[in-house]
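Colleague: Structure, please.
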Amino acid sequence: MSHSRRISTIVGVAALLLTATACSGLGRSTAGMLSFRGHDSPAELSYSNTLVRGCHKIAIPQGATHVENNTLVDIVLYRTEDCAKADRADGTYVATTLTNVTAPASLSWRSFRVIH
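Modeller: You can find the predicted model right below:
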């Protein structure tokens, strides 16, 4: 292999790696639907194509007590509006295509973060 061909190969591989790394976190979103419902409420709030980065506030005034994760990613639910740990609790993990319901005496969920 000639010297110029080897350099061209190295430069090409480096360019591909940089492109893949630079674009990997930009604009990615969940595929599927997240559904939330408050305690004894018939109304349901759904999120689709949620960005995988950051903390997302659940827009139900009293918080959510029921969740259905019909996405291809896992989520963590928090009892605070800013995805902060409360009372030494790390949050509630809900795997993809599963549901979860809070206990009647517990606080409702106020925010969530996507695991990616």
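Colleague: residue ranges of the strands in the protein, please?
Modeller: For the chain, strands defined by DSSP state E occupy the ranges 32-37, 44-48, 55-57, 66-71, 74-78, 92-94, 98-101, 111-115.
Colleague: so the first one versus strand 74-78, what angle?
Modeller: When you say that, I think you mean strand 32-37. 30 degrees (axes from the mean of the first three to the mean of the last three CA atoms, to 10 degrees).
Colleague: Kindly report the same for the fourth one.
Modeller: Our comparison of strand 66-71 with strand 74-78, counting by the same axes, to 10 degrees, yields an angle of 150 degrees.
Colleague: and strand 66-71, what does it pack onto?
Modeller: strand 32-37, strand 74-78, strand 98-101 (3 or more CB pairs under 8 Å, 6 or more residues apart in numbering; DSSP states H and E). To be clear about C-beta, it is placed using only N, CA and C from the backbone, and glycine gets the same treatment.
Colleague: which residues touch the longest one?
Modeller: Spelled out, it's strand 32-37. Applying CB atoms under 8 Å, 6 or more residues apart in numbering, the contact partners of strand 32-37 are 43-48, 50, 58, 60, 64-72, 75, 96, 109, 112.
Colleague: Repeat that for the shortest one.
Modeller: Contacts of strand 98-101 with the rest of the structure, by CB under 8 Å, 6+ apart, involve Thr65, His66, Val67, Glu68, Asn69, Leu77, Thr92, Val94.
Colleague: May I have the residues that are in contact with the third one?
Modeller: Right, the one you point to is Val67. Val67 neighbours (CB under 8 Å, 6+ apart): Leu34, Ser35, Phe36, Arg37, Ile75, Leu77, Val94, Thr99, Asn100, Val101, Trp109.
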